[in-house]
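Student: Attaching a predicted model along with its sequence, questions to come.
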There are 2 protein chains.
Amino acid sequence: MDVSSLTQRLKINKDAVDQFILDFLPKHSDIKEIQMLFDMMRDYPSRPSKGLRSSLCILTSEALGGNLDKALRTAAALEVFQNWILIHDDIEDYSELRRGEPVLNRKYGIPLAINTGDALHAKMWELLMQNQKTLGPTKTISIIDEFLRMINETTEGQTIELAWVEHNKWDLNEDDYFLLCNKKTSWYTCITPCRLGATIAGASAKKQDAFIPFGSRLGIAFQIQDDILNLKGDEQKYGKECGGDILEGKRSLILIHLLNKANSADRRKVLSIMSKNRCDRTTSDVEEVLKMMEKYDSIKYAKATAESYAEEAKKLFNKIFQDAPSSESRRLLEDLIDFMICRDW
Amino acid sequence: MDVSSLTQRLKINKDAVDQFILDFLPKHSDIKEIQMLFDMMRDYPSRPSKGLRSSLCILTSEALGGNLDKALRTAAALEVFQNWILIHDDIEDYSELRRGEPVLNRKYGIPLAINTGDALHAKMWELLMQNQKTLGPTKTISIIDEFLRMINETTEGQTIELAWVEHNKWDLNEDDYFLLCNKKTSWYTCITPCRLGATIAGASAKKQDAFIPFGSRLGIAFQIQDDILNLKGDEQKYGKECGGDILEGKRSLILIHLLNKANSADRRKVLSIMSKNRCDRTTSDVEEVLKMMEKYDSIKYAKATAESYAEEAKKLFNKIFQDAPSSESRRLLEDLIDFMICRDW
């Protein structure tokens, strides 16, 4: 994997997408409060991020014969989606940091943050409607249909996760986790970006559908890696608080493995910590749970599972692209997929 | 004004719109948590409501030569808009009751309620895209543009109101209030429903634009009436807690009038109550402010202002419809406008 050319290309895509979004979003108002709304809408889009989803869309499109220009608006809409849903997710998950800064609701309060997410949500559809200018009506409609499916899946996934927290549900197995991952991560991180790229490039419906099992597995590998980073990652690089998932009571594969493997005394201990209210869990609680995860090799197990999903994803990738010409975009796309699985930030 | 035929027609429209929405929204899932999401999405749409906005759209369309069938999907999307934005507003405003029942976030918690609003928001765009089947691409796109404008205006209005609360801003005059009303109420309650009706009926752009000054005034009259009902209405009929706006710290015309007319001792007293945190304001605080409003004839003043806006709106209405044939729909539309201004629930 050629890291430097992938990094370069991610930066080129990211800069183009960022510029597009910041040019598109409203900037100035004479009314002080509306100026504040515009500033809040531009806040998350102005923070540093990797732009993985937009690059996945752009590179998939290119690898199937499309180009950056045609994919740019849709890629920007994907990032706008990510931004508005993160504003709301950060409230829903009681998060503290996003991309190295306090979450929006800690800067402006929950009421204004919810409303800002809604304003940004509408802007996403405005962007998507403008695809008519460059892609024509048929592709514009197909792309909107993809976004509708993506939001259905993502809000269903988020409901599953929030309901588990709300109802203090812990009797979970791996299949529960994979269902959650598929809905809350695979669709918006992998399946939809790839399907959008394929749509823009004019690929057949059959080819588009092949991205579902591929993206599903890639998304699961990506999410497990994200869960591991959340526990062990470099906070500076990762941009969220370390161990935040344990504080938030997230049901990760690691935690599910631990609960299913621990002896009954240890299981009780972990459950007594994880069943606390979010605000009652302390840093030493997080340490305690982390120690247990080490004791039962749960992180190791999660790593192995992620690798096996990544392997499967790569096999499916090769099948999808078996007839595609060996282009630079295709090589970069393969590198991007490797990066999504192995990244350390 | 023939109340019984208007009431009958409102009920016919409302039943048709409700049926359309409940048939459209997802119903059943084998996954318990997703079933809960569907139930939450169907919660507000299943509560009793007047359906004023959808009827305004349907009757405007009919009065300009359209029919119920063609307007139904768009009218349903207007109500879906109203439902998802109310789910979020009820969190933002710390409301307690909506349509006679606890607000969604008091039933399921804030995280699940925010997410449900988002899922319902996406469903609104799905509905609007389906207009292609019955209205063709040009009208479908125009209607979507109207919704985009409406959400921009409404989220800007909501920002203004929330920022005033957040920043404890009280040096406000009537123009501030009218700007707020226009953005937070007139667009989504009056201007957009009428413009949508005109679009569906195939009216000219000039005619559509004439609904802006008309709807702006009607919306202001409507909002002032709503402010009055919030203080003096029958809680059972009105479906929200009485005096809730004072508890929530809402800047109504009545309160702005009071603050500008009160002597300095009374003004200080009112401000000391209104500047408290929302959770520290008591029922006796509400009583105190209500008494002051009576003392300074602020409610009377608001009533007179509403009447003058209503008069202006009706003049503009007659101008818009001067060439339209005198149909039953037109008479019902006039009655509806009267009802919106004079309603007691």
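Tutor: Looks like it came in fine. Numbers count the residues shown, from 1 in each chain, chains lettered A, B, ... in the order given.

Student: now stretch A:124-135: mean pLDDT?
Tutor: The pLDDT scores in stretch A:124-135 average 97.

Student: Where does pLDDT dip in chain A?
Tutor: Low-confidence regions of chain A, defined here as pLDDT under 70, cover residues A:1, A:233-242, A:344-345.

Student: Leaving out sequence neighbours, find the closest residue to A:Leu112.
Tutor: Here the nearest residue to A:Leu112 in space, its sequence neighbours aside, is B:Leu162; by C-beta to C-beta, 6 or more residues apart in numbering or on different chains that works out to 5.2 Å. In short, each C-beta sits where N, CA and C put it, glycine included.

Student: chain center to whatever helix or strand the one you found lives in: distance?
Tutor: Secondary structure assignment for B:Leu162, by DSSP states H and E: helix B:131-166. From the chain centre to the centre of helix B:131-166 is a distance of 13 Å (C-alpha atoms, centre = their mean, to the nearest Å).

Student: can you pull the buried residues of that helix?
Tutor: Along helix B:131-166, the positions that meet the burial threshold by neighbour count (16 or more other C-beta atoms under 10 Å in any protein chain shown) are B:131, B:135, B:139-144, B:146-166.

Student: Helices of the stretch 101-250 of chain A, start to end?
Tutor: Along the stretch 101-250 of chain A, the segments classed as helices by DSSP state H, counting those that start in this stretch run A:104-108, A:110-129, A:131-166, A:174-181, A:192-201, A:205-232, A:235-238, A:244-248.

Student: Next, format those as JSON lines and append distance to B:Gly244.
Tutor: Shown next, in JSON lines, are the helices of the stretch 101-250 of chain A (distance: least, C-beta to C-beta, whole Å):
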{"stretch": "helix A:104-108", "distance to B:Gly244": "23"}
{"stretch": "helix A:110-129", "distance to B:Gly244": "15"}
{"stretch": "helix A:131-166", "distance to B:Gly244": "26"}
{"stretch": "helix A:174-181", "distance to B:Gly244": "38"}
{"stretch": "helix A:192-201", "distance to B:Gly244": "41"}
{"stretch": "helix A:205-232", "distance to B:Gly244": "41"}
{"stretch": "helix A:235-238", "distance to B:Gly244": "43"}
{"stretch": "helix A:244-248", "distance to B:Gly244": "33"}
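
Student: Figure out which of those helices is closest to B:Asp338.
Tutor: helix A:110-129 (32.3 Å; C-beta to C-beta).

Student: What helices and strands are in contact with the closest one?
Tutor: On a contact count with 3 or more C-beta pairs under 8 Å, 6 or more residues apart in numbering or on different chains; DSSP states H and E, helix A:110-129 meets helix A:32-41, helix A:68-92, helix A:104-108, helix A:131-166, helix B:68-92, helix B:110-129, helix B:131-166.

Student: Including distance to B:Leu231, could these go into JSON lines?
Tutor: As requested, the helices and strands packed on helix A:110-129 are exported to JSON lines (distance: least, C-beta to C-beta, whole Å):
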{"stretch": "helix A:32-41", "distance to B:Leu231": "25"}
{"stretch": "helix A:68-92", "distance to B:Leu231": "31"}
{"stretch": "helix A:104-108", "distance to B:Leu231": "29"}
{"stretch": "helix A:131-166", "distance to B:Leu231": "36"}
{"stretch": "helix B:68-92", "distance to B:Leu231": "19"}
{"stretch": "helix B:110-129", "distance to B:Leu231": "27"}
{"stretch": "helix B:131-166", "distance to B:Leu231": "17"}
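
Student: circling back to that earlier point, is it true that the residue nearest to A:Leu112 touches B:Tyr94?
Tutor: No. At 11.0 Å, B:Leu162 and B:Tyr94 do not qualify as touching, with contact defined as C-beta atoms under 8 Å.

Student: If we ignore the residues flanking it in sequence, what's nearest the spatially most central residue of chain A?
Tutor: Geometric centre of chain A, nearest residue: A:Thr189, 4.7 Å, by C-alpha atoms, centre = their mean. Using C-beta to C-beta, 6+ apart and skipping residues adjacent in sequence, the residue nearest A:Thr189 is A:Gly219, 5.2 Å away.

Student: if I look at that neighbour, how far off is chain B?
Tutor: 18 Å (C-beta to the nearest C-beta, to the nearest Å).

Student: For that residue, list the residues it contacts.
Tutor: By C-beta atoms under 8 Å, 6 or more residues apart in numbering or on different chains, the contact set of A:Gly219 is A:Cys181, A:Asn182, A:Thr185, A:Ser186, A:Trp187, A:Thr189, A:Cys190, A:Ile191.

Student: before we move on, what about A:Asp266?
Tutor: Taking C-beta under 8 Å, 6+ apart, one finds A:Met292, A:Lys295, A:Tyr296 in contact with A:Asp266.

Student: what about the residue lying closest to the last one once chain neighbours are set aside, how many residues close to it?
Tutor: So the one you mean is A:Tyr296. Nearest in space to A:Tyr296, with sequence neighbours left out and distances taken as C-beta to C-beta, 6+ apart, is A:Lys261 at 4.8 Å. Neighbour count of A:Lys261, defined by other C-beta atoms under 10 Å in any protein chain shown: 15.

Student: A:Lys261 against A:Ser298, yeah?
Tutor: Yes. Applying C-beta under 8 Å as the test, A:Lys261 and A:Ser298 come out as touching, 7.0 Å apart.

Student: tell me the SS of A:Pro26?
Tutor: Following DSSP: H, G, I helix; E, B strand; the rest coil, A:Pro26 is assigned to coil.

Student: Disregarding residues adjacent in the polypeptide, which is nearest to it?
Tutor: A:Phe38 (4.9 Å).

Student: neighbours of the one you found, just the number please.
Tutor: A:Phe38 has 18 nearby residues by other C-beta under 10 Å.

Student: Likewise for A:Glu328?
Tutor: Applying other C-beta under 10 Å, we find 12 residues neighbouring A:Glu328.

Student: Please name the residues that touch the residue nearest to the centre of chain A.
Tutor: By C-beta under 8 Å, 6+ apart, the contact list for A:Thr189 reads A:Leu52, A:Arg53, A:Leu56, A:Gly215, A:Leu218, A:Gly219, A:Phe222, A:Gln223.
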